[in-house]
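J.: Could you look at this predicted model? Sequence included:
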Amino acid sequence: MTPENSPSKKSFSQKFAELFPFDWELLRHAGSEPVPYHLKKWWFCLGGTVLYLFIIQVITGIALTFYYVPTPAFAYQSVAHITNEVRFGWYIRSLHRWSSIFMIIAVFLHLLRVFFTGAYRHPRQLNWMIGFLLLGITLVFGFTGYSLIYEQLSFWGATVASNLAEAVPLIGHWLGYFLRGGPEVGENTLTRFFILHIGVLPTFAFLLISLHILLIRLHGVTELRFEGEVIPEEERHFRFWPDHATTEIMIGVLLMYLLTILALIFPASLGEPANPNVTPVHIKPEWYFYFNYRMLKLTSLKLSVLLTLALGGIAFFWPFIEEWLARKFKIDDRVPVALGTVAFLVFLVFTVWESFSH
Amino acid sequence: MQRDSTLSNKSPEKQTGETHSRRNFLAKILMGIGLLFSYGLLTVEGFLFMLPKRVKARTRKLFAGKLDQYKIGSIQAFYDLEGKQILIKRDESGLKAFSSVCPHLGCRVHWEGEKHRFFCPCHGGVFTEDGVAIAGPPADAGQSLFKVPVHVDEASGIVYIEVKDAKRRTMS
């Protein structure tokens, strides 16, 4: 060994480079992705908002698992213990709850933004589908998380939803049994929902989010130009790092403020403990399932399940359906906008209708 | 050699290469099938592990009071061995018992005495005193409250209901 090559003669960065031979230029290159001008406005940053909220959910969720016990005998008690006795337990739980609500709203708004700006079109069809799967995962996150509390409404919500799964054609009977881990909601159901909520869903969410971001990076962000907007060519794009990252961090700080204010004014509450023998007189799912709940009241069980599956399927494959419609019937841009508006209004009307009904 | 050339005009190297590639192809197919079956079996086993065995609970008779405790037109509630409510009604024709589990999506119905009906709070299902659905999704689907077999010992007047006994069960 020559003296020049001896480890003691090397600088710290040289030593580190040998231990971790990573080409940092790659990261610099990835970070300097040009971002279109319209992303300076926060309402175009809803995808990043969802990611930020997902990180909050992961951190607060890990904190909650320190005390939560997923068994029918202790689930409710452990949530009560977190809420009433653990130091800052109420705050962590309220952050988790409010952040979940914000996340669902942000996912919906992000989906609407992508749809109405046509950002799902060729070549970004696959990313629309991944995004739609992420919406599904977010809703299942909400449902399983709410069921873990094991209060009256969450118990009966789990009962209704797992029986609802039985109406799915072909695999329904098997699916209901699989979800519950038996003929009825009980011990097996709670452990299943817990594993789904803290293990399976986060893994899939992480993989799909990574794929979603990778595809955005590979395709680039859809550039939007607005009528009457005059922006010099050199200002049409700005750098991801540090410019856009700063916007995202600012949104994150604002979100933390809002979540904390809501946690202080409306902390996560706790209803009656689950009683498998008595369904409460007033029972409702979480607001994001009002659309389905209203549909269940208006139509038969089979029809509402089939409608949900059909609408979900159409939305999932929409980019390809639209291409087919455009080829076959020569439809223009106004048709998808009109259809999207009608679908959104129906969703809104059913949700508001259900929120005002008893 | 003449004969060989009529059979194949390819060089021996090429022939050997083709045999190799054919052998490689077959090996890959066989390996693929092997992998598919082994990992497929593992996947099936994984799913079976997560799917609990279906058990058929055997039934047993449960004491439900004496016949003279039931007034005509009255409804009384009992709990089966799983803690589920069983509603027993006596009318002119005798005793009728039905489960309080709504046949729509499994919620528990409430007895509304002043309206003489059972009401399911989940999706607004309404049932008559005899358990027949008359409004809401169960009525649309023609579902009624599940009937529970009820027996009366004529000599003693003791009432029994037939309920599931989860402790006595047979695997299926």
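T.: Perfect, thanks for sending it.
J.: So for the chain, the centremost residue is which one?
T.: You didn't pick a chain, so chain A it is. For chain A, the residue nearest the mean C-alpha position is A:Thr138 (3.5 Å; C-alpha atoms, centre = their mean).
J.: oops, I was thinking of chain B
T.: By C-alpha atoms, centre = their mean, chain B has its centre lying nearest to B:Arg54, at 8.3 Å.
J.: isn't the residue nearest to the centre of chain A right up against A:Phe102?
T.: No. The pair formed by A:Thr138 and A:Phe102 falls short of the contact definition of C-beta atoms under 8 Å, at 11.1 Å. From N, CA and C alone the C-beta is placed, and that goes for glycine too.
J.: tell me which parts of chain B are close to chain A?
T.: Within chain B, the positions adjacent to chain A are B:50-52, B:54, B:79, B:83-85, B:102, B:104-110, B:120-124, B:136-137, B:140-141 by C-beta under 8 Å from any C-beta of the partner chain.
J.: follow-up on the earlier one: and the helix or strand harbouring the residue nearest to the centre of chain A, what's buried?
T.: Mapping A:Thr138 onto the secondary structure by DSSP states H and E places it in helix A:125-148. Buried residues in helix A:125-148, counting neighbours by 16 or more other C-beta atoms under 10 Å in any protein chain shown, are found at A:125, A:127-135, A:137-148.
J.: Over to stretch A:287-299?
T.: Result for stretch A:287-299 [16+ other C-beta under 10 Å]: buried residues A:287-297.
J.: among these, which are within reach of chain B?
T.: Judged by C-beta under 8 Å from any C-beta, the overlap between these and the neighbourhood of chain B comprises A:296-297.
J.: Around A:Asn277, count how many other residues there are.
T.: Other residues within reach of A:Asn277 by the criterion other C-beta atoms under 10 Å in any protein chain shown amount to 12.
J.: packing partners for the lengthiest helix in chain A?
T.: Ranked by residue count, the top helix of chain A under DSSP state H comes out as helix A:89-116. Packing contacts for helix A:89-116, counted by 3 or more C-beta pairs under 8 Å, 6 or more residues apart in numbering or on different chains; DSSP states H and E, involve helix A:46-65, helix A:75-84, helix A:125-148, helix A:245-265, helix A:334-356.
J.: now the angle from that helix to helix A:334-356?
T.: Between the direction of helix A:89-116 and that of helix A:334-356, the angle (axes from the mean of the first three to the mean of the last three C-alpha atoms, to 10 degrees) works out to 150 degrees.
J.: Next, the buried residues of helix A:89-116.
T.: Of all the residues in helix A:89-116, those buried under the rule 16+ other C-beta under 10 Å are A:89-108, A:110-111, A:113-115.
J.: can you check stretch B:82-100 too?
T.: Neighbour-count burial for stretch B:82-100 flags B:84-90, B:95-100 (criterion: 16+ other C-beta under 10 Å).
J.: Any residues of chain A in contact with chain B? List them.
T.: Taking C-beta under 8 Å from any C-beta, the part of chain A that reaches chain B is made up of A:156, A:159-160, A:163-164, A:174, A:177-178, A:181-184, A:188, A:276-283, A:296-297, A:300-302.
J.: returning to what we had before: what angle separates the longest helix of chain A from helix A:125-148?
T.: Using the same axes, to 10 degrees, helix A:89-116 lies at 150 degrees relative to helix A:125-148.
J.: how far does helix A:89-116 sit from the chain's center?
T.: On the basis of C-alpha atoms, centre = their mean, to the nearest Å, helix A:89-116 is displaced by 7 Å from the centre of the chain it belongs to.
J.: Equivalent analysis for stretch A:39-48, please.
T.: That offset, for stretch A:39-48, works out to 16 Å (C-alpha atoms, centre = their mean).
J.: With stretch A:166-185 instead?
T.: Per C-alpha atoms, centre = their mean, the displacement of stretch A:166-185 from the mean C-alpha position of its chain is 24 Å.
J.: ok, back up a step: can you check what angle separates the helix holding A:Thr138 from helix A:46-65?
T.: Computed by the same axes, to 10 degrees, the angle between helix A:125-148 and helix A:46-65 is 30 degrees.
J.: And the buried residues of stretch B:82-100, which is closest to B:Tyr39?
T.: B:Lys84 (42.2 Å; C-beta to C-beta).
J.: is it true that the closest one touches B:Ser100?
T.: Yes. Because the distance of 6.7 Å satisfies C-beta under 8 Å, B:Lys84 is recorded as touching B:Ser100.
J.: ok but A:His358 is inside a helix, no?
T.: No. Under the criterion used here (DSSP: H, G, I helix; E, B strand; the rest coil), A:His358 is coil, not part of a helix.
J.: which SS class is the closest residue to it other than its chain neighbours?
T.: Of all residues beyond its chain neighbours, the one nearest A:His358 is A:His282 (6.6 Å), with distances taken as C-beta to C-beta, 6 or more residues apart in numbering or on different chains. Three-state assignment for A:His282 (three-state DSSP): coil.
J.: Against which helices or strands is the helix or strand hosting A:Leu175 packed?
T.: With the criterion set as DSSP H and E, the secondary-structure element containing A:Leu175 is helix A:172-180. Packing partners of helix A:172-180 (3+ C-beta pairs under 8 Å, 6+ apart): helix A:152-165, helix A:187-195.
J.: Please indicate which of these has the most neighbours on average?
T.: Of all the helices and strands packed on helix A:172-180, helix A:152-165 has the most neighbours on average by mean count of other C-beta atoms under 10 Å in any protein chain shown, namely a mean of 23.
J.: So what touches that one?
T.: Helix A:152-165 has contacts (C-beta atoms under 8 Å, 6 or more residues apart in numbering or on different chains) with A:143, A:146-148, A:172, A:175-176, A:179-180, A:184-185, A:189, A:193, A:271-276, A:278-280, A:283-286, A:296, A:301, A:305, B:105-107, B:122.
J.: Are any of these buried, and if so which?
T.: Among the contacts of helix A:152-165, those classed as buried by neighbour count (16+ other C-beta under 10 Å) are A:143, A:146-148, A:172, A:175-176, A:179-180, A:184-185, A:189, A:193, A:273-274, A:276, A:278-280, A:283-286, A:296, A:301, A:305, B:105-107, B:122.
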